[in-house]
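Visitor: Below is the sequence, then the predicted model.
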Amino acid sequence: MTSLLLRGRLLSFHRAPESLTDTASYLYEEDGGLLVQDGRIAKMGSYTQVKAAAPEGVEEVDHRPHLILPGLIDTHVHFPQMQVIASYAANLLEWLNTYTFPEECRFVESAHAARIATHFYDEFLRQGTTTAVAYCSVHKASADAFFSEATKRNMLMVGGKVMMDRHAPQGLLDTPQLGYDETRAVIEEWHGKGRNHVAITPRFAITSTPEQMSAAQALAKEFPDLHIQTHLSENHDEIRFTCELYPDATDYTDIYARYGLLGKKTLLGHAIHLSEREADVLSETGSVAVHCPTSNLFLGSGLFPLKAIRRREKPVRVGVATDIGGGSSYSMFKTMDEAYKIQQLLGERLNPLESFHLMTRGNAEALSLVDRIGTLDEGTDADLVVLNASATPAMRLRMETVNTLPEELFLLQTLGDDRSVVETYVAGKPMKPLD
Ligand code: GUN
Ligand code: ZN
């Protein structure tokens, strides 16, 4: 058995905070200890307690005065879009057609997919993100590269071969049958291997024919435990075109409902412009709306009503995500900084406890994976991030006037980036790249 004892200031959420003073929603241990054994958190509490329970001569790493949190979680990214980020476009559809689809065509080459996969994981670990939910490209080779690298690094990743059979370049299209067969092959080869989770991934209704949607439905029926991911109501032109393509459906959400694609494991990217009826359907089915703030601002898609949608009589489950490469930052701090600003524009307050809950436990709950990730609870996987709120001269100066934990978290969210990430642990192993 391998053992490691970490010392630092522990922060882990029990539930969503109701206010800035809701101290019962989280655990904060000023001089905390975490005993990691065989990749899991074996013991968590005060350093003195945990040290007493640890084996004689256990290796110790003292991270004081830094914070130790569960590894950050990103619930919507596009693995083949690392070389799309920062592309200049007027809106979603122009951005997809001009930059994104041509770039994704390159992932037919295994060597290219493998090269980008190493950069992808390096970048997420640099940012303190230990789990991401990714769209690969339409090519099976891209999913193979994605999961092969995740397996090497022992990371808990969710990903899927994109299904798309129309309205894109020829090099980016499968067929209903091929989309079904190759998704099935990816499930058989990768799901449950290491810590991998495969997601059924029809890109969105524009790029899937009704026949392909039926193929996705068949997969969802055969593999009811798998995640399903797609995009919903991101942009007004997209919504209009989608509804033209499926004239029998009541609205955009109804298209996915008709093909049996909504449910507790379904992640719907963006979901910005929903009617009350659509929000009710998401709530009733337990589907998750995934908020991608930097992307929504970058592409001019709109302002997602994060606070309002959660406090409805029929609340909608939400996750938060970068949406690389429509998103403009890999950092979950930058993501929540933009989420905060969007709520400001909507006349709402998103407090830093809520933000840090969302990046950790909240996203784990959105993925139905909170029994494994997103907290420092004993028995869960030791995916951790160590954070320094004084990482830069400007942060250090501002920290001189910080008095409370929420103030420190807000500073991290507002000024923090990969420089604030001191270390990223994956299943108990330090994994942050050196450069
Ligand atoms: N809708 C369909 N595909 C995409 C994509 O790659 N990025 C974003 N932001 N929206 C999409
Ligand atoms: Zn997306």
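Guide: Good, I have the coordinates. Ligands and ions are numbered 1, 2, ... in the order given.
Visitor: tell me which parts of the stretch 101-250 of the chain are close to ligand 1?
Guide: Applying CB under 6 Å from any ligand atom, we find that the stretch 101-250 of the chain lies next to ligand 1 at 203-204, 231, 234. All C-beta spots, glycine's among them, are computed from the backbone N, C-alpha and C.
Visitor: can you do 8 Å?
Guide: Applying CB under 8 Å from any ligand atom, we find that the stretch 101-250 of the chain lies next to ligand 1 at 135, 203-204, 206-207, 231, 234, 238.
Visitor: Quick one: those as TSV, columns for pLDDT too.
Guide: Listed next are those as TSV, based on pLDDT from 0 to 100:
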residue	pLDDT
Y135	99
R203	98
F204	98
I206	98
T207	98
H231	99
E234	98
E238	98
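Visitor: ok, and what's touching the longest helix anywhere in the chain?
Guide: Counting residues, the longest helix found in the chain (DSSP state H) is helix 110-126. The contact list for helix 110-126 (CB atoms under 8 Å, 6 or more residues apart in numbering) reads 74, 79-80, 82-83, 106-107, 130, 132, 137, 139, 141-142, 144-146, 148-150, 153, 155, 330, 418, 421, 424, 426, 431-433.
Visitor: Write a PyMOL command that selects only the buried members of those residues.
Guide: Per 16 or more other CB atoms under 10 Å, the buried members of those correspond to this PyMOL selection:
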select buried, resi 74+79+80+82+106+107+130+132+137+139+141+142+144+145+146+148+149+150+153+155+330+418+421+424+426+431+432
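Visitor: Helices of the stretch 51-200 of the chain, start to end?
Guide: Under the criterion DSSP state H, counting those that start in this stretch, the stretch 51-200 of the chain contains helices at 92-95, 101-105, 110-126, 140-153, 176-190.
Visitor: To ligand 2, which of these lies closest?
Guide: Across the helices of the stretch 51-200 of the chain, the minimum distance to ligand 2, taken as CB to the ion, is reached by helix 92-95, at 9.5 Å.
Visitor: quick one: average pLDDT of the closest one?
Guide: The average of the pLDDT scores along helix 92-95 is 97.
Visitor: tell me what that helix is packed against?
Guide: helix 236-245 (3 or more CB pairs under 8 Å, 6 or more residues apart in numbering; DSSP states H and E).
Visitor: again, only this time at 10 Å
Guide: For helix 92-95, the packing partners by 3 or more CB pairs under 10 Å, 6 or more residues apart in numbering; DSSP states H and E come out as helix 236-245, helix 293-298.
Visitor: Can I get it as PDB, trimmed to CA atoms?
Guide: C-alpha atoms of helix 92-95 as PDB (Å, rounded to 0.1, in the frame of the first residue of the first chain):
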ATOM      1  CA  LEU A  92     -21.500  30.500 -33.500                       C
ATOM      2  CA  LEU A  93     -22.400  29.300 -37.000                       C
ATOM      3  CA  GLU A  94     -19.700  31.400 -38.700                       C
ATOM      4  CA  TRP A  95     -17.200  30.200 -36.100                       C
END
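Visitor: Burial check on the nearest residue to L412 once chain neighbours are set aside, number of neighbours?
Guide: Leaving aside its chain neighbours, L412 sits nearest to A389 (5.0 Å; criterion: CB to CB, 6 or more residues apart in numbering). Counted with other CB atoms under 10 Å, the neighbours of A389 add up to 23.
Visitor: for A389, what are its contacts?
Guide: 65-67, 395-396, 398-399, 402, 407-413, 415-416, 420 (CB atoms under 10 Å, 6 or more residues apart in numbering).
Visitor: repeat that for 7 Å
Guide: A389 is in contact with 395, 399, 408, 411-412, 420, counting by CB atoms under 7 Å, 6 or more residues apart in numbering.
Visitor: Adding secondary structure as columns, could you present the residues you listed in CSV?
Guide: Formatted as CSV, these follow (DSSP: H, G, I helix; E, B strand; the rest coil):
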residue, secondary structure
M395, helix
M399, helix
E408, helix
L411, helix
L412, helix
S420, helix
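Visitor: who in the chain is up against ligand 2?
Guide: 269, 323 (CB under 5 Å from the ion).
Visitor: Could you chop the chain up by domain?
Guide: 3-71+381-430, 72-330 (the TED database).
Visitor: start to end distance for the first one?
Guide: So the one you mean is domain 3-71+381-430. Distance across domain 3-71+381-430, first residue to last, is 13 Å (CA to CA, to the nearest Å).
Visitor: Cross the residues of the stretch 101-250 of the chain next to ligand 1 against helices and list the overlap.
Guide: Short answer: these in helices (DSSP H) are E238.
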